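Student: Okay, sequence plus prediction incoming.
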Amino acid sequence: MRFALCLLMILATATGSATADDWPQFRGVGGRGLAESSRRLPTEIGPDSEHIAWKIAFPPGHSSPVLHGKRLFLTAVRDKALVTIAVSRSKGKILWEQKAPYKKLEEIHAIGSHAQPSPATDGKRVISLFGSSGLYCHDVDGRLLWKKEMGPFNNDFGAGTSPVIVDDLVITVQDHDTDSFVAAYDKKTGRLAWKTDRAEFPRNYCSPVIWRVGGKKQIIVAATLRVVGYDLKTGKELWTVRGLSRAVCNTPVVGGDGKLYVAGWARGGDIDERISVEPFAKLVAARDKNKNGTLEREELEKGHAIERRYPQVDRDKTGTITRKEYEYYRNLFDVARNVVMAIKPGASGDATKTHVAWEYRRHIPFCASPLFFNNTVFTVKDGGILTSLDAQSGKPLQTKRVAGAGNYYSSPVAGDGKVYLLDQKGRLSVVSGEGKWKVLHRAQFGEETYATPAIVDGRIYLRTDGHLYCFR
């Protein structure tokens, strides 16, 4: 009975008309990372598995596959062209490919991609976002319906948050070093419905999540120091919970129990590993060689906490750090908290003291989003440290290391009683989806992996840096 009630709650939070045959956005229906179908899934998958339905060479990119009907959609970079690609789900055949023109490619992280955001689809339209070019809407046959120019953004790591489609709107969050915002566009025309300023937030990489509370839909965004709920129709801020990390690179998840699960990690925010820097006045007195009252990078000691993060601290990109910029970042180091937290629905205003159900301050994931499965919250920290928490109490159930001991940019997904995890080096771990989990299978794909797999109707669609797989 309890499982049936949870399942009904899950279905009630769905953001569109997606079915068990669809995976319409990053991490599937509602961004939950869960298979909607009860069909059996293969355990022993890998590059030479007998369960391979098809495998094709595929151009590189970090975006994750989305699916609707008979088609799968991805973005990629092919010979410096930014492309949206449609693939046949049954045969793995590329059906169409459309370019997104740009004037200049944006700066990206050393391991980044110009195709980082995952697309979204409602079965009639495919929405793609490229930081160097903007937002694109194609129909499922590849015909361009509209585009919205934006970018490159003020961020040397590039754009990375994925759009979502909810009702008649396309929602995108863009948190960069300046000019951050959340906006809604009409999915049929691309017309701006509303735009809310988020200038207080520097670069973050949380994709928006839809949370249905009291019959109304909210847009949830976790970012520097706080998580915010916005009204879907107006973009108005409804509530906030404070106490997060100085940057958030993963995406929250709405659990089957109705609560919101949020995680945030950045260096210096752990209980036993804090970063603290001296006041601006003291550092300027000691290091301001040209006596201009600001700090240039060459004036800072190599390896200093501010020197290492100079592009982020210099938010306006003038090549110099002012007192205001420095003290803002110094405060982030002082108050940021790496944490996993559960938030109860029904918040209004500042709900930090009223709606946090529990917190957990150990083994926090950096980029991999939390997973709610079987009344358990799973998180995977870089190094392959997999933790399971009781969703009701936050009590840790088990923490152990899985075979993939690298960094995790791919987020865990689950179905048929199993959780699938992939590290950056393409090492796969399959574990049982229970609090006291056990390793069921491990494999090595031999290629770097950043994308999150899609699990649809008894099949697993998995992207590596050079291939796209379908397992059945």
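Tutor: Done, it's in.

Student: the helices in this structure, which residues?
Tutor: 2-12, 280-287, 305-308, 310-313, 323-335 (DSSP state H).

Student: packing partners for the last one?
Tutor: This means helix 323-335. helix 280-287, helix 305-308, helix 310-313 (3 or more Cβ pairs under 8 Å, 6 or more residues apart in numbering; DSSP states H and E). (Each C-beta comes from the backbone N, C-alpha and C, glycine too.)

Student: quick one: terminal-to-terminal distance for stretch 218-235?
Tutor: 9 Å (Cα to Cα, to the nearest Å).

Student: And that stretch, what's buried?
Tutor: Within stretch 218-235, the residues that qualify as buried are 218-230, 232, 235, counting by 16 or more other Cβ atoms under 10 Å.

Student: gap between it and the chain center?
Tutor: Distance of stretch 218-235 from its chain centroid, counting by Cα atoms, centre = their mean, to the nearest Å, is 15 Å.

Student: Same check on stretch 55-64?
Tutor: The mean C-alpha position of stretch 55-64 is separated from the chain mean by 18 Å, Cα atoms, centre = their mean.

Student: Name the residues of it that come out as buried.
Tutor: Those would be 55, 58, 59, 60, 61, 62, 63, 64, for stretch 55-64 by 16+ other Cβ under 10 Å.

Student: Could you find the closest non-adjacent residue to the first one?
Tutor: When you say that, I think you mean residue 55. residue 469 (5.1 Å; Cβ to Cβ, 6 or more residues apart in numbering).

Student: what about the residue lying closest to residue 435 once chain neighbours are set aside, how many neighbours?
Tutor: Distance criterion Cβ to Cβ, 6+ apart; nearest residue to residue 435, sequence neighbours excluded, is residue 397 at 3.7 Å. Taking other Cβ atoms under 10 Å as the criterion, the count of residues near residue 397 is 16.

Student: Residue 390 is in contact with residue 397, correct?
Tutor: Yes - the criterion here is Cβ atoms under 8 Å, and residue 397 meets it with residue 390 at 5.8 Å.

Student: what do those two both touch?
Tutor: Common contacts of residue 397 and residue 390, defined by Cβ atoms under 8 Å, 6 or more residues apart in numbering, comprise 376, 435.

Student: What is the burial count for the spatially closest residue to residue 304 that is not a sequence neighbour?
Tutor: Nearest residue to residue 304 in three dimensions, chain neighbours excluded: residue 277, at 7.6 Å (Cβ to Cβ, 6+ apart). Residue 277 sits with 17 neighbouring residues when counted by other Cβ under 10 Å.

Student: Would you agree residue 277 is in contact with residue 307?
Tutor: No - using Cβ under 8 Å, residue 277 is not in contact with residue 307, being 10.2 Å away.

Student: For residue 106, which of the helices and strands packed on helix 323-335 is the nearest?
Tutor: helix 310-313 (13.2 Å; Cβ to Cβ).

Student: and the residue nearest to residue 55, how far is that from residue 408?
Tutor: As defined by Cβ to Cβ, to the nearest Å, residue 469 lies at a distance of 19 Å from residue 408.

Student: Comparing these two, which shows the higher neighbour count?
Tutor: With other Cβ under 10 Å as the criterion, residue 469 and residue 408 differ in neighbour count, and residue 408 comes out ahead with 28 against 24.
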